[in-house]
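Peer 1: Fold the following for me, if possible:
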Amino acid sequence: MRLALLTGGSKGLGLALCDLLTAKGYHLVEFSRSAPHPFVDINIDPGVMDTAMQADIRAASVHDFPDQERFVQRKTQGALVAPADVAAAIGHILDLPTLTSGGRYDVADFAHR
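Peer 2: Below you'll find the model as predicted:
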């Protein structure tokens, strides 16, 4: 997929570029002073996920990674969240009808372990 971000696409050169890029198969995101802002900027804290890097750290020796035991404890205590669960929680967050710019969301509030 090819994506183009344009400003001023409602008239003049911007409109001509929108027409040209659409004809070339681009997906467009167009910003205009007269149109509502198309993005809602939010912050999402994913928490600590059980990733391949976490597994590598747990498998390392204490000599190679002095804080290794803390990572082993996180896994043993069930404090790590699977990436698929984090993705599902982010999907729930993005579906909220009350998203507002500047909002901060914690995946732990939405994740099912």
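
Peer 1: quick one: the strands in the protein?
Peer 2: 3-7, 27-31, 43-45, 104-106 (DSSP state E).

Peer 1: partner strands of the least confident helix or strand in the chain by mean pLDDT, parallel or antiparallel?
Peer 2: Averaged element by element with mean pLDDT, DSSP states H and E, the chain has its least confident helix or strand at strand 27-31 (a mean of 79). Here strand 27-31 is paired, per DSSP bridges, with strand 3-7 (parallel).

Peer 1: Can you give the distance of the partner strand from its chain's centre?
Peer 2: Relative to its parent chain, strand 3-7 has a centroid offset of 20 Å by C-alpha atoms, centre = their mean, to the nearest Å.

Peer 1: quick one on the thing from earlier: would you format the strands of the chain as a markdown table with mean neighbour count included?
Peer 2: Where you see a C-beta, it was placed from the backbone N, CA and C, and this is true even at glycine. Formatted as a markdown table, these follow (neighbours: other C-beta atoms under 10 Å):
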| stretch | mean neighbour count |
| --- | --- |
| strand 3-7 | 13 |
| strand 27-31 | 14 |
| strand 43-45 | 12 |
| strand 104-106 | 14 |
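
Peer 1: got a markdown table for these, with distance to residue 86 too?
Peer 2: Converted to a markdown table, the strands of the chain look like this (distance: least, C-beta to C-beta, whole Å):
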| stretch | distance to residue 86 |
| --- | --- |
| strand 3-7 | 25 |
| strand 27-31 | 26 |
| strand 43-45 | 9 |
| strand 104-106 | 11 |
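
Peer 1: returning to what we had before: which outside residues touch the least confident helix or strand of the chain?
Peer 2: Strand 27-31 has contacts (C-beta atoms under 8 Å, 6 or more residues apart in numbering) with 1-10, 14, 18, 21-22, 37-38.

Peer 1: likewise stretch 64-76?
Peer 2: The contact list for stretch 64-76 (C-beta under 8 Å, 6+ apart) reads 48, 50, 54, 57, 58, 60, 61, 62, 79, 80.

Peer 1: Many thanks, I have nothing further to ask.
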